[in-house]
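Colleague: here is my input; please provide its structure:
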Amino acid sequence: MTAPVVPPEGTSEALVSPQRLREALGRFATGVTIITCLDPQAGRVGLTANSFNALSLEPPLVLWSLRRQSAQLPAFERAGHFVVNVLAEEQLGLSRRFASRRDDKFDEGDWLPGEGGAPVLGGCAAVFECEVATRQDAGDHVLFIGHVLALAQADRLPLVYQAGHYHGLGDKL
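Modeller: The predicted model follows:
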């Protein structure tokens, strides 16, 4: 791992409280994903996340982050691969299921093993199968950077999350 990210000198973190930051970030619309891995100890692991982003086209890299307090963090730290399943609008129920603490998350959905055994969900708007390139400490999160080994996409509208609510994509402007 590389050195942790720290705030620049002279910034006032009091003006940027966690609550104010969460509210402001909530104004940014994001896609909704289920990130999965195959943990050698715990088996299939997955969670709902909207912290996914593109990083590089050459080489093909994507990134996502996970809170240090997450119960799933050890599984993702042990796994050599992960899959980013970009949810379609009709997969709202799966998003809620994987955001919960239930044990039977994989009992719904059409799941197949992908790269490194990480679960791939059928019916998604897009899927990115990745090998972990690096993990980096970043404040109260761990940043996972993945090298995209395989991908798929479908002509489906993505599920969107903004201001604490799920949304459909809506009309093109």
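
Colleague: quick one: the helices in the chain, in order.
Modeller: Listed in chain order, the helices of the chain (DSSP state H) span 18-25, 73-78, 92-99.

Colleague: measure how far the second one is from the centre of its chain, please.
Modeller: Which is helix 73-78. Put simply, helix 73-78 sits 14 Å off its chain's centre (CA atoms, centre = their mean, to the nearest Å).

Colleague: for that helix, which helices and strands make contact with it?
Modeller: Secondary-structure packing of helix 73-78 (3 or more CB pairs under 8 Å, 6 or more residues apart in numbering; DSSP states H and E): strand 33-39, strand 61-67, strand 141-153. For the C-beta atoms, the positions are set from N, CA and C on the backbone; glycine is no exception.

Colleague: go through the last one and flag the buried ones.
Modeller: Judged by neighbour count using 16 or more other CB atoms under 10 Å, the buried positions of strand 141-153 are 141-148.

Colleague: how about Arg101, what does it touch?
Modeller: Arg101 makes no contacts at all, as judged by CB atoms under 8 Å, 6 or more residues apart in numbering.

Colleague: please begin residue numbering at 8 from this point
Modeller: Got it, first residue is 8 now, which makes that one Arg108.

Colleague: quick check: pLDDT value at it.
Modeller: If you check Arg108, the pLDDT there is 91.
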